[in-house]
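below: sequence and its predicted model.
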Amino acid sequence: MNLLFSSDSLLNEAGGQSQAIFDLSDELKKKKISHGIYTSKNNGLNQMNYNLFNEIKNKDLIHNFGIWSMFHIYNYYLAKRNKKPLIISPLGMMEPWPLSQKKIKKYLAYSIYQKKILDNCDFIHATSKMEADNLLKLGIKSKIEFIPHGTNLNYTVPDEKYKFSLSKGRKILLFLSRFDNKKGILELIKQFNKINNKDWMLLISSYENDNYLKAKKEFKDNKNIYFFGKSNLENKKKLYSISDFFVLPSYSENFGLAIMESLSYSCPVLTSSATPWTHLHNSSGLVFNDVKKDLNNSLKNVFALSDHDIIKFKNNCHNDLKDYKWEKISNDYIELYKKTLNKY
């Protein structure tokens, strides 16, 4: 088989979307599965500057990541014109919370073209059971396949000297994700600032967009909130490994790649029930229901944990990822591709 992965953005600022595609690509390379990647915003990677028409024409199957934009409409059109199998990963864009944003615009787009595209592709790929269930509620006709993202376990030894240089002896609560209201980051900063526990610092690593810079200026006097800026791969490894807890208080996540990444470094997680990670509660993390109502108390619960409690959470992290290892997940993707090709 010869596959094409297409996405309208592979910029690092796009968050987990680009990482998920590149990670899947790396795993398929190990299994000698031929594939290419096409994007409209290509990070300056010359190997991706292909003509989409020719790429689709010369591939056996198209796996398109994302919906709504003209890029994805064009993908659908070219796949149908060339009679190529098409799998679509909506990447959480059909979840209730994002659908409630710009509601009228999305309703019109869904009615005019997006429903037709989703109804007429070969499979829709959901990354969590929660996402699959929400897609079913919309009455989409295409078959839905649930395959989560995969990970490899990491055993990075924490650099305690580096940790102390950042935290000055405090425990670290890490936020490492896009600085976007969807992620609950503004509410997190507000509640952390209100509690102002001197034994903990909130370390925020994110791309420095306008909202990031505004918050950094607003909370510059709180020395327990540290705006780290964006992280490269080496920085991410260090930050996950030295942090005592990771926090992602999202209003909506179809998967939450950063949560899985944190667990892979044995860093326990505080997150909301709007993510598909509720099974972590009291095992490798804590889960709360409502961002506005419950985040404050949940932060206090984390701050009240003893060192022994945190170590227990850390020791459970890898076990809670046993169903997400790439060895299994990559085979699930390959089976989906084979099943799709067998329809033709």
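On my side now, so go ahead.

surely G92 and F255 touch.
Yes. With contact defined as Cβ atoms under 8 Å, G92 counts as touching F255 (7.0 Å). For every residue, glycine as well, the C-beta is placed using N, CA and C.

any shared contact partners between the two?
Residues touching both G92 and F255 by Cβ atoms under 8 Å, 6 or more residues apart in numbering: T127, E131.

these two: which is more packed in?
G92 (24 against 21; other Cβ atoms under 10 Å).

so what's the more buried one up against?
G92 neighbours (Cβ under 8 Å, 6+ apart): P98, T127, E131, S252, E253, N254, F255.

give me the pLDDT for N49.
At N49, the pLDDT value in this model is 43.

now do the helices in the stretch 1-150 of the chain.
For the stretch 1-150 of the chain, the helices defined by DSSP state H, counting those that start in this stretch cover 16-30, 52-57, 70-81, 96-100, 103-109, 115-120, 129-137.

out of those helices, which is closest to Q191?
Of all the helices of the stretch 1-150 of the chain, helix 96-100 sits nearest to Q191, with 19.3 Å by Cβ to Cβ.

now that closest one: average pLDDT?
On average, helix 96-100 scores 87.

outside of it, which residues touch it?
Contacts for helix 96-100 (Cβ under 8 Å, 6+ apart): G92, K106, N134, K182, Y251, S252, A274.

now the residue lying closest to the second one once chain neighbours are set aside: how far from N254?
Across the structure, with Cβ to Cβ, 6 or more residues apart in numbering as the measure, the residue nearest K106 apart from its sequence neighbours is L99 (5.8 Å). Between L99 and N254 the computed distance is 12 Å (Cβ to Cβ, to the nearest Å).

out of those two, which sits in the busier spot?
N254 (24 against 16).

the more buried one in helix, strand or coil?
coil (DSSP: H, G, I helix; E, B strand; the rest coil).

and S100, how many residues sit next to it?
Neighbours of S100 using other Cβ under 10 Å come to 11.

starting at the chain centroid, how far to the helix or strand of the chain at the bottom of the mean pLDDT ranking?
One helix or strand of the chain scores below all others by mean pLDDT, DSSP states H and E: helix 52-57, with a mean of 82. Computed by Cα atoms, centre = their mean, to the nearest Å, the chain-centroid distance of helix 52-57 equals 28 Å.

what of stretch 243-254?
10 Å.

just the CA trace of it, in PDB.
C-alpha atoms of stretch 243-254 as PDB (Å, rounded to 0.1, in the frame of the first residue of the first chain):
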ATOM      1  CA  SER A 243       7.700  18.200  37.100                       C
ATOM      2  CA  ASP A 244       5.700  16.900  40.000                       C
ATOM      3  CA  PHE A 245       2.300  17.200  38.300                       C
ATOM      4  CA  PHE A 246       1.100  18.100  34.800                       C
ATOM      5  CA  VAL A 247      -2.200  20.100  34.300                       C
ATOM      6  CA  LEU A 248      -4.500  20.400  31.400                       C
ATOM      7  CA  PRO A 249      -7.900  21.800  32.500                       C
ATOM      8  CA  SER A 250      -9.400  21.700  29.000                       C
ATOM      9  CA  TYR A 251     -13.000  22.500  28.100                       C
ATOM     10  CA  SER A 252     -12.700  20.000  25.200                       C
ATOM     11  CA  GLU A 253     -10.200  17.400  24.000                       C
ATOM     12  CA  ASN A 254     -10.800  14.600  21.500                       C
END
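
may I see the buried residues of it?
By neighbour count on 16 or more other Cβ atoms under 10 Å, the buried set for stretch 243-254 is S243, D244, F245, F246, V247, L248, P249, S250, Y251, S252, E253, N254.

again with stretch 72-86
H72, Y74, N75, Y76, L78, A79, K84, P85, L86.

quick check, nearest of those to K116?
Y76 (8.6 Å).

was I right about the closest one contacting I117?
Yes. At 4.8 Å, Y76 and I117 qualify as touching, with contact defined as Cβ under 8 Å.

least confident of the contacts of helix 96-100?
G92 (86).

and the strands in the stretch 201-344 of the chain, which stretches?
225-227, 245-248, 269-272, 285-288 (DSSP state E, counting those that start in this stretch).

flag every buried residue along the least confident helix or strand of the chain.
L52, E55, I56.

ok, the second one - contacts?
For E55, the contacting residues are L4, S6, G36, Y38, taking Cβ under 8 Å, 6+ apart as the criterion.

distance of it from L91?
From E55 to L91 the distance is 20 Å (Cβ to Cβ).

swap in the last one?
Look at I56 and L91: by Cβ to Cβ, they are 20 Å apart.

the first one now?
When distances are taken as Cβ to Cβ, L52 and L91 turn out to be 19 Å apart.

circling back: which one of the strands of the stretch 201-344 of the chain is the most hemmed in?
Mean neighbours per residue, mean count of other Cβ atoms under 10 Å, is largest over the strands of the stretch 201-344 of the chain for strand 245-248, with a mean of 27.

so what sits opposite V269 in the bridge?
F246, G285 (DSSP bridges).

spatially, which two of the contacts of helix 96-100 are the most separated?
K106 and A274 (18.4 Å).
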